[in-house]
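Colleague: output the structure for:
(chains A and B)
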2 protein chains.
Amino acid sequence: MTQLDERPAVAATDPATDPATDTATDPAGAWLAAFEDALAARDVDRAAGLFAATSFWRDLIAFTWNITTVEDPDGVAALLADTLDQVDPRGFHLTEPATTEDGVTTAWFAFETAVGRGRGLARLVEEDGPKAWTFLTTLHELKGHEEPRGTRRPMGAEHGATKERVTWAERRAAEDEALGVTAQPYVLVVGGGQGGIALGARLRQLGVPALVIDKHPRPGDQWRNRYKSLCLHDPVWYDHLPYLKFPDNWPVFAPKDKVGDWLEFYTRVMEVPYWSSTIATGASYDEATGRWSVQVEREGLPLVLEPTHLVMATGMSGKPNVPDLPGQDVFRGEQHHSSQHPGPDAYAGKRVVVIGSNNSAFDICGALWETGADVTMVQRSSTHIVKSDTLMDIGLGDLYSERALAAGVTTEKADLIFASLPYRIMHEFQIPLYDRMRERDQEFYDRLEAAGFDLDWGDDGSGLFLKYLRRGSGYYIDVGAAELVADGEVKLAKGQVDRLTEDAVVLADGSVLPADLVVYATGYGSMNGWAADLISQEVADKVGKVWGLGSDTTKDPGPWEGEQRNMWKPTQQENLWFHGGNLHQSRHYSLYLALQLKARHAGIPTPVRGLQEVHHLA
Amino acid sequence: MTQLDERPAVAATDPATDPATDTATDPAGAWLAAFEDALAARDVDRAAGLFAATSFWRDLIAFTWNITTVEDPDGVAALLADTLDQVDPRGFHLTEPATTEDGVTTAWFAFETAVGRGRGLARLVEEDGPKAWTFLTTLHELKGHEEPRGTRRPMGAEHGATKERVTWAERRAAEDEALGVTAQPYVLVVGGGQGGIALGARLRQLGVPALVIDKHPRPGDQWRNRYKSLCLHDPVWYDHLPYLKFPDNWPVFAPKDKVGDWLEFYTRVMEVPYWSSTIATGASYDEATGRWSVQVEREGLPLVLEPTHLVMATGMSGKPNVPDLPGQDVFRGEQHHSSQHPGPDAYAGKRVVVIGSNNSAFDICGALWETGADVTMVQRSSTHIVKSDTLMDIGLGDLYSERALAAGVTTEKADLIFASLPYRIMHEFQIPLYDRMRERDQEFYDRLEAAGFDLDWGDDGSGLFLKYLRRGSGYYIDVGAAELVADGEVKLAKGQVDRLTEDAVVLADGSVLPADLVVYATGYGSMNGWAADLISQEVADKVGKVWGLGSDTTKDPGPWEGEQRNMWKPTQQENLWFHGGNLHQSRHYSLYLALQLKARHAGIPTPVRGLQEVHHLA
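Modeller: Numbering: from 1, shown residues only, chains lettered A, B, ... in the order given. Just a heads-up that it's a prediction; the model follows:
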């Protein structure tokens, strides 16, 4: 009371007062307090009543040990009924003043569970008092297993004098020598691109014994080995890895070799246990021991690893799709899938037919044209195209840009904002953005269509990012090659391929495209194909399709799943995980995958709510 | 007027109003405005009258194209009289609210000159109105030559399609091939440790053609090749390189091999032009052409480079001092300078006499003892010892720590605060800190003295940092080995060395110390010895002593110089520069050295005020 009495009367309405401590006058703070009250009372219905009639709670492993979204008060009630006693959530508080715009109050908050600490983002609307419209909860760290960073960073030097001193270099060398021989990794990550490396760095930080293996001679070769003009199609602010951001002189769209160098040194300085020149040739899971047996060849020498967990991080594109066409056996030229394309250098002056009209097709056509090849693109179905700078400005600029940084939207905040948009309604947010993009570049699109190119904007006009989430294909982020098609510099042919002859591709309409090289830029299958190859078709079928939302749009059949299938979360195959995606996803979701693995390694109970059912095999 | 009328009356006294725009009611803002007025009127005396009777203006190349400190209103007037018309300073404004504590108002400000933009820090005291007591001006960037960072970062990808495409990797390869052959570096940096690398990164950013050469096979070998238990003695917050900070999981005191890996990584990702396995064997300056001719051997192959500027970055420790002792020719064991010490591994069970009692001596004694050698330290004069954690906490904690970061003191701000403390009075700030350290660790010092060890705290009790600035020697940052001396685990002998015999070191008092190995941990000469070796004794003498302040204390003879001799600023030898120091200095002062070189490369006039006179040869 004394403190209250001494407090100046003005304080209660002074906007300079820290609102985090002033829930009484703040609708967001009041909402959080009411939510916590209901949770503490284990009153599931009261808590669910704080959600709007149409509402979305996305949980990243904080309540469900799963990546899952529930909808509406009923879904909230069901989630809480299943999890509340175990999770014991508490300590909800705003971490910065809530803001209100267009009737939506945005509130950043933190909370605790029985085993960890979480961060969240709520959007409240007025519906007989403030109600949660979107609600994101994420687990951020496990109690007692906080990462050694900042004030908890290691000392490094061991001060004092001891005759048993082991230096950092000696310890690292001993660890390298033992790994996979006398010490089994708890987690084996197959694939050491940005996904495997980011996860490896997080597991290292969390003290989970892990090993990342990759077929290439050096980390970063996944990028170095691709065609020479390749640059990242996403801008730098979207692409940071965990812990160590690109410096502020880093290019907006980094060239592939520079990305390769960064990945190589990131692996080194983050001390990621990484075996290069290593392939996994087979794997099987022993239900009795709960461990995998994985056959690998390290620099040609066979070895068996016995990890508890197996993470497939072999690339979100999955296995190459090569169409089965009559005449492929008689064609005398060269033919290969886009993923095997060595780059343009050998094809100056050659006639090249590229089958497909998405990212890879455009990139390859552009590079071949630059080298002086005679290039024809075969468009079999419509393509969504956005210009890179327009996408960067309109599509990402509010979250990932210098502008966003200047407005206080750090990469970490942007990731959570991004994660807080429910997949169910994401298209509603996206459609207006893509309408703006189309308007801005109308002249460009008119020219492409005049050249005969078939454009689309996704089944519902929601554009690139949803195409990416739903099917991972069907688009091109234009960095210049679209102009070549619009200009006729790269020739355009349309329709299905009927057959190959000795020296040409023949389309269904009978047109004959003479070719020295045929490139099948025909996409990839589901990532569960990697599991089929490495483990068995049985396990792949048990796990089902990987990627996609169940949006019931082209190449993403329903039913609605609510989340990306099988990504970064438990699958129907015990101790088998999938990790991948672009640099943004590799950065952000590796946190939740790493925490799930850490919890299991530490023996923390991880009851999974809502393990995904399998609706499609691949 | 309209704007003023519309402004609410409360604004003028509202503390929430941006104080940067409200100079009228803010003594710091008012002082800056008065200073700018006087400068604009070219009224040197009025400007000088704004400085306290005892005052210090330190300028880092913004006014003087030199690193220099002037004192008191007379010194200020003289500086301004020489520079005002050329520099045309203006636009002084606070960059954050000034703060007042104990009668001293601290004000961060920015300003412009005719050619660049500057940052500064003033401390004002009341002396018939606010007067500047300390005043720091630093040049931060050159107009028209701003670094490509943040919003100005390069695009990376060159969007569009062109048959003349040259990729990043191709351009880098072409550049590497041409450098030193068809394209001469404008700046040659001899020595590729942290100093050379940091400078190389800055020059790269500024677009100055440069080349860093180093004798080791890989960047970072400067650290890797040292004794195995070596860790940084300064904490991580003090040690960041420019542009790319250590991640927040980096150890407080990084092990040498980890530092080596970081430097190698940094060199690559910052694209520092760097030749490993390269030594410079001779150099001469042609006054007529204004260029150096430098003989180098790159991987054994001789080559002549013709840079305009030559930077010696071969290490702040200069050339090894090895005492000339009778009997060195008859001693049958091994003897070497500390800088040649290979580490302890070969000396288990051997009798080792280490002559000297500073950092290297303690580090080497500790590592030898850990390996099982029989070690005797010979103390010839008193040593200043502080415990590492005490130094980190009391000595650096306000500027370089998690605590400082949490208080908003970024590395960049800390560097400017550090730079703003005038060397003339720095001891006054330091003495109380070291008094606290002594008090905190009194029991430790008592035990050392009881063991016979001679301690000191600098001639004036100002401790380690001033010993470092004045003489670069005479201290040990204790990471554990001092306890070995206190305990008698490392034996202590005292006095001068009289001679060596076949198998022992004999001291002046006749004591005989049997030895299989003698390590001369006897320090280093002035860095100008590097210039004598590479160029000529004549040029070395022309340049004079490098390092030290002229403090008239032990090993730092007067007269008072006001700044560290010859470091990061023009010397008496045209186009010859010295760069070095710890990681902090390598980071911060490389900015000013790089801007000086950039201005010369860009043809911006750089009239140097107060080129240092030579008072001592070495």
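Colleague: what residues sit buried inside the host helix or strand of A:F111?
Modeller: Applying DSSP states H and E as the criterion places A:F111 in strand A:104-112. Within strand A:104-112, the residues scored as buried using 16 or more other CB atoms under 10 Å in any protein chain shown are A:105-112. Bear in mind the C-beta positions are built from the backbone N, C-alpha and C, glycine included.
Colleague: how about the helices in the stretch 351-500 of chain A?
Modeller: A:359-371, A:388-390, A:402-406, A:411-420, A:423-440, A:442-450, A:464-470, A:481-487 (DSSP state H, counting those that start in this stretch).
Colleague: with just CA atoms, put the longest strand along chain A into PDB.
Modeller: Ranked by number of residues, the top strand in chain A under DSSP state E is strand A:130-142. Presented in PDB, the C-alpha positions along strand A:130-142 are these (Å, rounded to 0.1, in the frame of the first residue of the first chain):
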ATOM      1  CA  PRO A 130     -10.800  -8.800 -26.000                       C
ATOM      2  CA  LYS A 131     -10.600 -12.200 -27.600                       C
ATOM      3  CA  ALA A 132      -7.600 -14.000 -29.100                       C
ATOM      4  CA  TRP A 133      -7.900 -14.200 -32.900                       C
ATOM      5  CA  THR A 134      -4.400 -15.600 -33.500                       C
ATOM      6  CA  PHE A 135      -2.300 -17.100 -30.700                       C
ATOM      7  CA  LEU A 136       1.300 -18.400 -31.100                       C
ATOM      8  CA  THR A 137       3.100 -20.300 -28.400                       C
ATOM      9  CA  THR A 138       6.700 -21.400 -28.900                       C
ATOM     10  CA  LEU A 139       9.100 -23.200 -26.600                       C
ATOM     11  CA  HIS A 140      12.300 -21.200 -26.400                       C
ATOM     12  CA  GLU A 141      14.500 -23.100 -24.000                       C
ATOM     13  CA  LEU A 142      14.400 -25.900 -21.600                       C
END
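Colleague: coming back round to it: closest to chain B among the buried residues of strand A:104-112?
Modeller: The closest of those to chain B turns out to be A:A110 (CB to the nearest CB; 17.2 Å).
Colleague: that closest one: what's it in contact with?
Modeller: Residues in contact with A:A110, defined by CB atoms under 8 Å, 6 or more residues apart in numbering or on different chains, are A:91-93, A:95, A:117-120.
Colleague: A:A451 now?
Modeller: Here A:A451 is in contact with A:485-488, A:492 (CB under 8 Å, 6+ apart).
Colleague: the residue lying closest to A:A183 once chain neighbours are set aside: how many residues sit nearby?
Modeller: Spatially, and ignoring its direct neighbours in sequence, A:A183 is nearest to A:P209 (6.8 Å; CB to CB, 6 or more residues apart in numbering or on different chains). Burial of A:P209 is recorded as 17 neighbouring residues (other CB atoms under 10 Å in any protein chain shown).
Colleague: let me see the backbone angles for A:P209.
Modeller: A:P209 adopts backbone torsions of phi -60, psi 120, taken as degrees, to the nearest 10.
Colleague: residues from the stretch 401-550 of chain A in reach of chain B?
Modeller: A:402, A:479-481, A:483-484, A:489 (CB under 8 Å from any CB of the partner chain).
Colleague: using CSV, lay out those residues together with pLDDT.
Modeller: CSV is the format used below for these (pLDDT from 0 to 100):
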residue, pLDDT
A:E402, 94
A:V479, 87
A:G480, 88
A:A481, 93
A:E483, 95
A:L484, 96
A:E489, 97
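Colleague: neighbours around A:G300, how many?
Modeller: Residues near A:G300, counting by other CB under 10 Å: 8.
Colleague: what sits against it?
Modeller: A:S277.
Colleague: do the one 3 residues further on as well
Modeller: The neighbourhood of A:L303, defined by CB under 8 Å, 6+ apart, consists of A:180, A:295-297.
Colleague: out of these, who's nearest chain B?
Modeller: Using CB to the nearest CB, the contacts of A:L303 come closest to chain B at A:G180, 22.0 Å.
Colleague: now that closest one. Nearest residue, chain neighbours left out?
Modeller: A:L305 (5.6 Å).
Colleague: ok, that neighbour - contacts?
Modeller: A:180, A:184-185, A:188, A:211, A:292-294, A:296.
Colleague: pick out the most distant pair among those residues.
Modeller: The span of the contacts of A:L305, defined through CB to CB, is set by A:L211 and A:S293 at 14.5 Å.
Colleague: which one of these two has more residues nearby?
Modeller: Legend: neighbour count by other CB under 10 Å for A:L211 and A:S293, higher for A:L211 (26 against 14).
Colleague: roughly how far apart are the closest residue to A:L206 other than its chain neighbours and A:D59?
Modeller: Excluding its sequence neighbours, the residue lying closest to A:L206 (CB to CB, 6+ apart) is A:K598, at 4.4 Å. With distances taken as CB to CB, to the nearest Å, A:K598 is found 18 Å from A:D59.
Colleague: out of these two, which sits in the busier spot?
Modeller: Using other CB under 10 Å, the more surrounded residue of A:K598 and A:D59 is A:D59, with 26 against 23.
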